[in-house]
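**Student:** okay, structure incoming, though there's no sequence with it:
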C-alpha cells in the first residue's frame, strides 16, 4: 500500500512523471486539434487578437477624433460599417475596441484567479480558524451575485475602466477560492505532502511546489471559461456608464451611444454588439475545448 | 427536515452580517464626508464656503456621524431591520419608499423572464438529450453556446428593432401593462435559457441511465410517461438550483435589461444612485437585493427534499 512506499521511491515517481510531460503535452495538442469547436474558437480568437495588435494597419481612420462632415453615414465602400454621430468610422472603432475588451477580460481574470487561488490555498492548507474566516468572507461575497458585487466595488471606487477590471475580478474571486480549497483539502493529505513536511520543507514551498501543481489544471480551465463572462460583465458595466467613458472605443459604451439611433441608423449599435458576441463565443469555444481535453470531469 | 431548516437558517446569520457590513462600508469607504456630500447636493451645487459650519455640525449630529464607527454600524443595522434605509440624497424621500415602488416591476420581469427561460431551456435540453449526438443535439447545443455569448443589451436592441420599430407590435420602452414586459422578459428568457438547456441535457442523460427509468420502461409504460413523470422530475434538482441562483441574481442583475427598455426596477434604481452618488439609496437597494438572494437560495435548498424524496436532512 501507499503507506509503505519509501520516500526516494516517491521522488523517483515524481521525476518519472516530469519526464513524460513533453510527450503528454503533444498528446493534448493533438486532442485539441481534433476538437472542431476548439479549432473554430481559437481561429476566431486569433482574428480578434490580430485586430487588437494590428489595428492601426487594418484601418486608416482615427478611432477617437471627431469628423462632423462625415457623421451618420450608412455602410459604404469608404466606411464599411458606416459612421457614428461624430463622424467616426465604426469599423475602426470596433477594431480598436478589441484593444480594450480583450485586456480588460484577461486582467479581470488574472486578478480573480490570483487572489482566489491564494485565498483557497491558505484556507485549505491551514484549515481551522483561517478557513472559517475565509469561507465566511466568500459566502458573503457570494451573497452579492453577478453584477451586484461589481456595483458595490464601482460605488466605492468610482466609475472608470481600471475599476471595472477590479470590480469584475473581485466578483469572480469566490469561484476560484472554492475550487482551489476543495482540491487542497484532498491534496494536503497526500503522502508526498507529509513527506515534504517531515523533511522540514517550509509551508510556502510545500504550497507552491507540491500542492499548487495539483490544482493548476482546473484553475486554467476555469480561467479560460471565465474570460468570456468577464468580457461580457465589463461591457455591461460600460454600457451602464459605470466603466469606460466616452470617447473611448469600448464596445459596451459604443452600444449605449448608438441607442438613440436605433430606429434609423441601426448599424451604430449593432456592430459593437456583434463584436462582443463573436469574441465571447470564440473564448468560450476555445475554453470548452480546453476543458474537454484537460479535464473531462468538469464537463457540464 | 425541521432541524436542517433551523441549521440552514442559522448559517445565513453570518452571511447577512457580512452583507450588512459591506453595504455599511459603502458610505464610509468612499472618499469624502457624507455630511459634506449631502449638503453639497442639497445646496444646489454652491461652493462649500456657502454652507455654514453650524448647518454642517447639525447634520453630522443628526446623521450620527460623530458617534464611534461600531455605534454607527449598530444604528445602521437597527434601522435596516425596520426597513429604514434613510433618506435619498437626491429626493430626500425615504429610500424604502422608492424600493417598495419598483419592487413589483422587478419581480414581474424576473418571474416572466425566468418562466420563459425554463420553458425554452427545458424543452431544448430534453429534446437534445433524447436525440443524443444527432444533428438536433448539436444544433441545440450550438444555439445555447451562442445564447451564452450574447450580451443581453445587444439582444434587447435587436428585439426592439424587429418587434417594436419594424412591426410595431410591442412597446419598445416603458413600465406599463403586460405588453411592456414581453420584450424585456423575452430578452432575459432567451439569454438565461442557454445555461438551462445545457444543464437539463446533461442531467437528463444522467437520469435516463438510472435503474428506475429502466424499470419504468420494463413495466411497459409509454415513453412519454417515462420521460415526463420519472426522468424529468428527477432531472429538476440541478435546474431548481440554477434557477434559484438566477432568480436571486436577477433582482439586481436585470439592471442592463431594465436600462435597455427604460424600465423601472431595483437594479436601475441602484445604478442611477451610483451614478448620482446617492449613497443611502445605493446602500438600501444593494442590501435588499443581497438579502433577497440569500433568502431565495435558502428556499431552494429546502425545496430539494420535496423534489426528491430520497434526500433527507437530519
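**Tutor:** Yep, that arrived. Being a predicted model, the structure only gives us computed values, none of them experimental.
**Student:** find the least confident helix or strand in the chain, judged by mean pLDDT.
**Tutor:** Assuming you mean chain A. Using mean pLDDT, DSSP states H and E, helix A:7-34 stands out as the lowest-scoring helix or strand of chain A, at a mean of 55.
**Student:** actually it's chain B I care about, not the one you picked
**Tutor:** Every helix and strand in chain B was compared by mean pLDDT, DSSP H and E; the lowest is helix B:34-42, with a mean of 67.
**Student:** which element follows it toward the C-terminus?
**Tutor:** Going down the chain from helix B:34-42, the next helix or strand is helix B:53-63, by DSSP states H and E.
**Student:** tell me what that next one is packed against?
**Tutor:** Using 3 or more CB pairs under 8 Å, 6 or more residues apart in numbering or on different chains; DSSP states H and E, the elements in contact with helix B:53-63 are helix B:34-42. Any C-beta I mention is one placed from the backbone N, CA and C, and that applies to glycine too.
**Student:** in the next helix-or-strand element following the least confident helix or strand of chain A, which residues are buried?
**Tutor:** Going down the chain from helix A:7-34, the next helix or strand is helix A:36-58, by DSSP H and E. Neighbour counts over helix A:36-58 (16 or more other CB atoms under 10 Å in any protein chain shown) mark A:37, A:38, A:41, A:42, A:44, A:45, A:48, A:51, A:52, A:55 as buried.
**Student:** looking at those residues, spot the one nearest residue B:207.
**Tutor:** Checking these against residue B:207 with CB to CB, the nearest one is residue A:37 at 25.3 Å.
**Student:** so what's that closest one closest to, chain neighbours aside?
**Tutor:** Distances taken as CB to CB, 6 or more residues apart in numbering or on different chains put residue A:285 closest to residue A:37, at 4.8 Å, once the chain neighbours are dropped.
**Student:** you'd agree that neighbour is up against residue A:41?
**Tutor:** Yes: counting by CB atoms under 8 Å, residue A:41 is a contact partner of residue A:285 at 2.8 Å.
**Student:** overlap of the contact sets of the two?
**Tutor:** Jointly contacting residue A:285 and residue A:41 under the rule CB atoms under 8 Å, 6 or more residues apart in numbering or on different chains is no residue at all.
**Student:** what residues of stretch A:210-222 count as buried?
**Tutor:** A:210, A:211, A:212, A:214, A:215, A:218, A:219, A:220, A:221, A:222.
**Student:** ok, residue A:130 to chain B distance?
**Tutor:** 16 Å (CB to the nearest CB, to the nearest Å).
**Student:** measure how buried that residue is and give me the count.
**Tutor:** Residues near residue A:130, counting by other CB atoms under 10 Å in any protein chain shown, number 14.
**Student:** any idea of the pLDDT on it?
**Tutor:** Note on residue A:130: pLDDT of 91.
**Student:** and it, what element?
**Tutor:** Under the criterion of DSSP H and E, residue A:130 resides in helix A:128-142.
**Student:** so which elements touch that helix?
**Tutor:** Using 3+ CB pairs under 8 Å, 6+ apart, helix A:128-142 is in contact with helix A:90-126, helix A:161-187, helix B:2-29.
**Student:** so which bits of the second one are buried?
**Tutor:** Residues of helix A:161-187 classed as buried under the neighbour-count rule (16+ other CB under 10 Å) are A:161, A:163-181, A:183-184, A:187.
**Student:** same question for the first one.
**Tutor:** Of the residues in helix A:90-126, those scored as buried under the neighbour-count criterion (16+ other CB under 10 Å) are A:90-102, A:104-113, A:115-125.
**Student:** what angle do it and helix A:128-142 make?
**Tutor:** 150 degrees (axes from the mean of the first three to the mean of the last three CA atoms, to 10 degrees).
**Student:** name the helices or strands packed onto helix A:90-126?
**Tutor:** Packing partners of helix A:90-126 (3+ CB pairs under 8 Å, 6+ apart): helix A:36-58, helix A:128-142, helix A:161-187, helix A:212-239, helix A:251-258, helix A:267-294.
**Student:** the same query, at a cut-off of 10 Å, please.
**Tutor:** helix A:36-58, helix A:128-142, helix A:161-187, helix A:203-205, helix A:212-239, helix A:251-258, helix A:267-294 (3 or more CB pairs under 10 Å, 6 or more residues apart in numbering or on different chains; DSSP states H and E).
**Student:** need the ones you listed in JSON lines with distance to residue B:279, can you?
**Tutor:** Below are these laid out as JSON lines (distance: least, CB to CB, whole Å):
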{"stretch": "helix A:36-58", "distance to residue B:279": "37"}
{"stretch": "helix A:128-142", "distance to residue B:279": "20"}
{"stretch": "helix A:161-187", "distance to residue B:279": "17"}
{"stretch": "helix A:203-205", "distance to residue B:279": "41"}
{"stretch": "helix A:212-239", "distance to residue B:279": "19"}
{"stretch": "helix A:251-258", "distance to residue B:279": "24"}
{"stretch": "helix A:267-294", "distance to residue B:279": "31"}
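**Student:** which of these sits closest to residue B:120?
**Tutor:** helix A:267-294 (18.5 Å).
**Student:** what about that closest one, distance to the chain center?
**Tutor:** Mean-position distance between helix A:267-294 and its chain equals 12 Å (CA atoms, centre = their mean, to the nearest Å).
**Student:** which strands and helices lie in contact with that helix?
**Tutor:** In this structure, helix A:267-294 makes packing contacts with helix A:7-34, helix A:36-58, helix A:90-126, helix A:212-239, helix A:251-258, helix B:135-149, helix B:152-159, judged by 3+ CB pairs under 10 Å, 6+ apart.
**Student:** ok, the residue of the stretch 151-300 of chain A found nearest chain B - how many residues close by?
**Tutor:** Residue of the stretch 151-300 of chain A nearest chain B, by CB to the nearest CB: residue A:273 (3.0 Å). Using other CB under 10 Å, residue A:273 has 25 other residues around it.
**Student:** cool, the one 5 residues further on as well?
**Tutor:** Using other CB under 10 Å, residue A:278 is surrounded by 16 other residues.
**Student:** and for residue A:156?
**Tutor:** 20.
**Student:** residues contacting residue 204?
**Tutor:** As the question left the chain open, I've gone with chain A. Going by CB atoms under 10 Å, 6 or more residues apart in numbering or on different chains, residue A:204 touches residue A:121.
**Student:** not quite, go with chain B.
**Tutor:** Applying CB under 10 Å, 6+ apart, we find residue B:204 in contact with B:122, B:125-130, B:132, B:227, B:231-232, B:234-235, B:239.
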